[in-house]
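Chemist: Provided below for reference: sequence and predicted model.
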Amino acid sequence: MLQNDPRLTLSMSATTRAPREGEVDGVDYGFCRPEDFAQRVERGEMLEHATVFGRSYGTPRAPVVAALERGEDVVFDVDWQGHRQLHAAIPDDVVGVFILPPSLEALRARLDGRGDSPEAIAGRMAKARDEISHWAEFDYLVVNDDFEAALAELRAIVTAQRCLRARRPDRAELAQRLANG
């Protein structure tokens, strides 16, 4: 989606976890020390933040504000805690999409494929049902069973949200002019 839609940008999260093999600082995540992360939170530099599986994750505020000011739609890859905080911070602009695995077995296989340690995978699987239990807090549900079908659903959601009357004052003005003759 990001490659084919220049109006979409991905927010880059900051994290205190170590990079996985192949991850690049400033591209995949902003990797930082726990004390630096805590200072950023204290200074209000994070739009949202949470501790997940023993590591801190958060979204730096400044790049998101800059992207929104450029008229871009920002895609966040956050858990339910991050979604709650984003929704509280900018309630009229957050559209929540919960992406589900087709099964817990498929989730385990995907985690295995990332190269996480057996301990990390066990921890994530132990909390998976709790994480999934927050699905009802989101506006949309997408099951990522068939990648192309899930991608098509995500594109449809973006298109529908962009066409909302509240997001298109230019179209609302046109409709009003046409209605008034």
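Modeler: Perfect, I can see it now. Numbers count the residues shown, from 1 in each chain.

Chemist: Tell me which stretches of this protein form strands.
Modeler: Ranges of strands within the chain are 8-10, 14-15, 30-31, 46-52, 55-60, 73-75, 97-100, 140-143, based on DSSP state E.

Chemist: right, so of those strands, which gets closest to A175?
Modeler: Closest to A175 of the strands of the chain, according to CB to CB: strand 73-75, at 22.7 Å. (Glycine included, C-beta is placed from N, CA and C.)

Chemist: got the contact list for that closest one?
Modeler: With contact meaning CB atoms under 8 Å, 6 or more residues apart in numbering, strand 73-75 is reached by M1, L2, R7, L8, T9, L10, S11, V64, A67, L68, V158, R162.

Chemist: Quick check: buried residues in that strand?
Modeler: D73, V74, V75 (16 or more other CB atoms under 10 Å).

Chemist: List just the nearest of those residues to L86.
Modeler: The nearest member of the buried residues of strand 73-75 to L86, counting by CB to CB, is V74 at 9.6 Å.

Chemist: Using CSV, list the CA coordinates for the lowest-mean-pLDDT helix or strand in the chain.
Modeler: Across the helices and strands of the chain, mean confidence by mean pLDDT, DSSP states H and E is lowest for helix 169-180: a mean of 80. What follows is helix 169-180 as a C-alpha-only set of coordinates in CSV (Å, rounded to 0.1, in the frame of the first residue of the first chain):
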residue,chain,number,x,y,z
PRO,A,169,-15.2,19.9,2.7
ASP,A,170,-14.6,20.7,-0.9
ARG,A,171,-17.2,18.1,-2.0
ALA,A,172,-19.6,19.2,0.7
GLU,A,173,-19.4,22.8,-0.6
LEU,A,174,-20.1,21.6,-4.1
ALA,A,175,-23.0,19.5,-3.0
GLN,A,176,-24.5,22.5,-1.1
ARG,A,177,-24.1,24.8,-4.1
LEU,A,178,-25.7,22.2,-6.4
ALA,A,179,-28.6,21.7,-3.9
ASN,A,180,-29.2,25.4,-3.6
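
Chemist: which residues sit against that helix?
Modeler: Counting by CB under 8 Å, 6+ apart, residues outside helix 169-180 touching it are R165.

Chemist: chain center to that helix: distance?
Modeler: The chain centre lies 33 Å from the centre of helix 169-180; the measure is CA atoms, centre = their mean, to the nearest Å.

Chemist: And for stretch 90-101?
Modeler: 7 Å.

Chemist: what's the first-to-last distance across it?
Modeler: Terminal residues of stretch 90-101 are spaced 27 Å apart (CA to CA, to the nearest Å).
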